[in-house]
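Output the structure for:
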Amino acid sequence: MSQHKVVLLLGSNIGNQKNNIDMALTKISEASSILKKSEYLTSEPVEFASSNIFCNIAIIISTHLSPIQLLDYVKKIEIEMGRLTDSTISKVYTDRIIDIDIVKYGELKFLSERLEIPHNKHLFEREFSKILLKDFI
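Numbers count the residues shown, from 1 in each chain. Below is the predicted model of the structure:
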């Protein structure tokens, strides 16, 4: 099986945000190798109003999972950790215990109803993402 380098962004703004991210990192490492991690960064919510601040991190993983398999895997982690709504489906951003986004998957360009690679909002529009990704892209 071939390995793919993938950039993920993780964020949390409910409960102990850093612990939530660390728990998600542990779960991700059960199926993929974490090659690199950014520093943790706090940021204001983007595209919705909340008084809860986000903690965010960027990572590079090596995985044998296809883009859709990886998406299914990270969505499973989100649900296991207690995330109740998926903004891809609801089209509404809300507070969340964990959010895991696939930002890049090698040099692949992919578009479906569930997944867009690369994740252009993170690459080009969101300031916190650009800060986290500056040494990754």
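
Helix, strand, or coil at S62?
Put simply, S62 is strand when judged by DSSP: H, G, I helix; E, B strand; the rest coil.

what sits against it?
Residues near S62 by CB atoms under 8 Å, 6 or more residues apart in numbering: 3-6, 32-33, 35. Glycine gets a C-beta too; all of them are placed from N, C-alpha and C.

Which stretches in this structure count as strands?
4-12, 33-37, 41-43, 54-63, 99-105, 110-111, 116-117 (DSSP state E).

Can you say which of those strands is nearest to K76?
strand 99-105 (10.1 Å; CB to CB).

which strands and helices sit next to that closest one?
Judged by 3 or more CB pairs under 8 Å, 6 or more residues apart in numbering; DSSP states H and E, strand 99-105 is in contact with strand 4-12, helix 67-80, strand 116-117.

quick one: average pLDDT of stretch 17-26?
Per-residue pLDDT over stretch 17-26 has a mean of 98.

Next: stretch 35-50.
Rounded mean pLDDT across stretch 35-50 is 90.

returning to that earlier point: dump the strands of the chain to TSV, plus distance to V74.
Shown next, in TSV, are the strands of the chain (distance: least, CB to CB, whole Å):
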stretch	distance to V74
strand 4-12	7
strand 33-37	13
strand 41-43	19
strand 54-63	10
strand 99-105	4
strand 110-111	15
strand 116-117	13
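
now for those strands, which one comes closest to F128?
Of all the strands of the chain, strand 41-43 comes closest under CB to CB, at 3.8 Å.

Buried deepest among the helices and strands packed on strand 99-105, which one?
strand 4-12 (a mean of 24; mean count of other CB atoms under 10 Å).

In its sheet, which strands sit next to it, and in what direction?
strand 54-63 (antiparallel), strand 99-105 (antiparallel) (DSSP bridges).

Show me what counts as buried in the first one.
Pointing back at strand 54-63 there. By neighbour count on 16 or more other CB atoms under 10 Å, the buried set for strand 54-63 is 54-61, 63.
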